[in-house]
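Peer 1: structure, please.
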Amino acid sequence: RYYLLSCSPVEGAESEDLAAVGMLKDITEQRDLEAQLRHAQKMEAIGTLAGGIAHDFNNILSAIMGYAELALIDIPHDSPIKDNLQQVLNASSRARDLVRQILTFSRRGEQKRVPISIVPIIKEGLKLLRASLPSFIEIRQKIEPDPGIVEADPTQIHQVLMNLCTNAGQAMMQRGGLLEVTLEKVKIDNELSATNPDLRLGPYVRLTVRDTGHGMERDIMERIFDPYFTTKREGEGTGLGLAVVHGIVKNHGGAIKVKSTPGKGTTFEVYFPVVDVPMKSAQATDQLMPKGHEYILFIDDEQPIAELGRLMLEKLGYKVVTKTSSVEALELFKADPTRFDLVITDMTMPTMTGDTLATKLLKIRPDIPIILCTGFSTRITEQRAKEMGIQRLVMKPLSMKQLAEVVRGVLDEQKKSKLRVFL
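Peer 2: Residues are numbered from 1 along each chain as shown. Model (predicted):
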């Protein structure tokens, strides 16, 4: 704890210092609040920085992901290059999700949860960890093939695993050890529920991360989930890792337990409730990308992205005209407003931004459907886009399947709208 000691002399009748009066004040809470304020300011700065680079970074990812997808379509199915390109896509997807997670965390946004099996997320995360942890730390996994379906955000599940395993790895950096990750289905009975009020009766998926590191004393263990609490040296950690993990688990309706013995290691047990909801099959839907034949005007100020948009949309059967200038795109549209069935435009562009372009296009032709793409923007939101008459606001980078679905969805909605007016 921290104390402030202040002393004052006590003068006698003849101005002699006869004694001193001291006051000892506990300022631990004040110091903690000051530390939290400093961390909050750091997080705000991180959020601002993340927003500043997100647009450019997502444009780079758009090109990497998009051209890799196009290459996968064109090469033979049995080509050895296919696996390499798939790894490029997997890494790009992780990078995309990481950017979105940073942006979401910095503005404390809501994540969307879907019914998923977390088995592939855990396996993929462990592959990444193996590459980042030294060889003297052994990684052992015990993963049931079908522990159950949970309603979760895949990126946040990945973050939980990475935070717990990174902490475990750091606890074994001095003398090595064993990192054991277990994923299994368990049933919570009355006895387990009584010891943890966050656990209800019924089936759960339990993720266990165990290490043989230095362990923790009880007083440390009681504070590890407190925001900004850290035992690391200054500059080595923010004290947010386990607090974020705890928040994610609680938001998913789960619970987290920790056991630790000094000198022997630590075990974290994370519980996610199993849901009785069918999981969407990614394999079945990947091959069913909706196509079309309509005319599309595609605008992006970066030539590689504009060219990528054209190639993808033409693969889907559409006829496409691209422009890298919003001003030129507006002039082209003015010359023949009925030529195009859909406009897809980037948000951040020089001279005229995407939302301004959309407003001008809608004044010329109020029924033109518009999709607005952005890597990051504080200027436009989904609600504001709808109020302006824009059909969709989508975040870059988009996979080819996502692009196919959003384009077909907007065009089909437009057709239904015209049919209702006609009837």
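Peer 1: wait, residue 154 sits on residue 96?
Peer 2: No: with contact defined as CB atoms under 8 Å, residue 154 and residue 96 do not form a contacting pair (11.8 Å). (Each C-beta comes from the backbone N, C-alpha and C, glycine too.)
Peer 1: so where is the stretch 201-350 of the chain shaky, pLDDT-wise?
Peer 2: Residue ranges of the stretch 201-350 of the chain with pLDDT under 70: 227-241, 278-287.
Peer 1: helices or strands next to the helix ranked longest in the chain in the packing?
Peer 2: In the chain, assigned by DSSP state H, the helix with the most residues is helix 28-74. Packed against helix 28-74 by the contact rule (3 or more CB pairs under 8 Å, 6 or more residues apart in numbering; DSSP states H and E) you find helix 81-107, helix 303-315, helix 400-422.
Peer 1: element containing residue 372?
Peer 2: strand 370-374 (DSSP states H and E).
Peer 1: mean confidence for the longest strand along the chain?
Peer 2: In the chain, with assignment by DSSP state E, the single longest strand is strand 177-188. In this model, strand 177-188 has a mean pLDDT of 94.
Peer 1: after that strand, which helix or strand is next?
Peer 2: Using DSSP H and E, the next helix or strand after strand 177-188 towards the C-terminus is helix 190-195.
Peer 1: shaky segments in the stretch 1-150 of the chain?
Peer 2: In the stretch 1-150 of the chain (pLDDT under 70), the answer is 12-17, 36, 39-40, 42-52, 98, 101-111.
Peer 1: let's go with 80 and repeat that
Peer 2: Counting by pLDDT under 80, the stretch 1-150 of the chain contains low-confidence ranges at 1, 9-20, 32-56, 94-95, 97-112, 131.
Peer 1: what angle do the longest helix of the chain and helix 400-422 make?
Peer 2: 90 degrees (axes from the mean of the first three to the mean of the last three CA atoms, to 10 degrees).
Peer 1: now do helix 28-74 against helix 303-315, angle only.
Peer 2: Calculated by the same axes, to 10 degrees, helix 28-74 forms an angle of 50 degrees with helix 303-315.
Peer 1: helix 28-74 vs strand 370-374, what angle?
Peer 2: 120 degrees.
Peer 1: contact partners of the strand holding residue 372?
Peer 2: Contacts with strand 370-374, where a contact means CB atoms under 8 Å, 6 or more residues apart in numbering, come from 55, 300, 342-348, 354-355, 358, 361-362, 380, 385, 389-396, 398, 406-407, 410.
Peer 1: please repeat the previous calculation with a cut-off of 7 Å.
Peer 2: Residues outside strand 370-374 that contact it (CB atoms under 7 Å, 6 or more residues apart in numbering) are 343-348, 354-355, 358, 361, 380, 385, 390-396, 406, 410.
Peer 1: quick one: average pLDDT of that strand?
Peer 2: Mean predicted confidence for strand 370-374 is 93.
Peer 1: tell me which element the residue lying closest to residue 313 once chain neighbours are set aside is part of?
Peer 2: Once flanking residues are discounted, residue 313 sits nearest to residue 320: 4.7 Å by CB to CB, 6 or more residues apart in numbering. Using DSSP H and E, residue 320 sits in strand 319-323.
Peer 1: tell me what angle the helix or strand just after that strand forms with strand 319-323.
Peer 2: As assigned by DSSP H and E, the chain's next helix or strand after strand 319-323 is helix 326-335. Calculated by the same axes, to 10 degrees, helix 326-335 forms an angle of 130 degrees with strand 319-323.
Peer 1: and the following helix or strand past helix 326-335 with helix 28-74, angle?
Peer 2: Counting by DSSP H and E, the element after helix 326-335 in chain order, helix or strand, is strand 342-346. On the basis of the same axes, to 10 degrees, strand 342-346 is oriented at 130 degrees to helix 28-74.
Peer 1: quick one: contacts of strand 342-346?
Peer 2: 294, 296-301, 309, 354, 357-358, 361, 368-373, 407, 410-411.
Peer 1: note down every partner strand of it and its orientation.
Peer 2: strand 295-299 (parallel), strand 370-374 (parallel) (DSSP bridges).
Peer 1: so which of those strands comes closest to residue 89?
Peer 2: strand 370-374 (19.4 Å; CB to CB).
Peer 1: what comes up buried for that closest one?
Peer 2: 370, 371, 372, 373, 374 (16 or more other CB atoms under 10 Å).
Peer 1: before we move on, what about stretch 320-330?
Peer 2: Buried residues in stretch 320-330 (16+ other CB under 10 Å): 320, 322, 323, 324, 326, 329, 330.
Peer 1: next, format the residues you listed as a markdown table and append distance to residue 74.
Peer 2: What follows is those, written out as a markdown table (distance: CB to CB, whole Å):
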| residue | distance to residue 74 |
| --- | --- |
| 320 | 18 |
| 322 | 20 |
| 323 | 26 |
| 324 | 25 |
| 326 | 31 |
| 329 | 29 |
| 330 | 34 |
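Peer 1: tell me where the stretch 101-250 of the chain has helices.
Peer 2: If DSSP state H, counting those that start in this stretch is used as the criterion, the helices of the stretch 101-250 of the chain fall at 119-132, 154-171, 190-195, 218-221, 241-251.
Peer 1: relative to residue 61, which of the ones you listed is closest?
Peer 2: helix 154-171 (14.6 Å).
Peer 1: can you give the contact residues for that closest one?
Peer 2: 97, 100-101, 111, 116, 118, 121-122, 125, 129, 133, 137, 179, 181, 209, 211, 213-214, 241-242, 244-245, 248-249, 266, 268, 270.
Peer 1: so for it, mean pLDDT?
Peer 2: On average, helix 154-171 scores 88.
Peer 1: do the same with stretch 391-409
Peer 2: Confidence over stretch 391-409 (mean pLDDT, whole number) is 91.
Peer 1: for that stretch, measure first residue to last.
Peer 2: With CA to CA, to the nearest Å as the measure, stretch 391-409 spans 10 Å from end to end.
Peer 1: next up, the contacts around residue 295.
Peer 2: By CB under 7 Å, 6+ apart, the neighbours of residue 295 are 319, 339, 340, 341.
Peer 1: so how far is residue 294 from the first one?
Peer 2: When you say that, I think you mean residue 319. Residue 319 is 7 Å from residue 294, where distance means CB to CB, to the nearest Å.
Peer 1: between the two, which one's more packed in?
Peer 2: Between residue 319 and residue 294, counting by other CB atoms under 10 Å, residue 294 is the more crowded of the two (18 against 14).
Peer 1: in this structure the more buried one contacts residue 317, no?
Peer 2: No: counting by CB atoms under 7 Å, residue 294 does not reach residue 317; the two are 8.9 Å apart.
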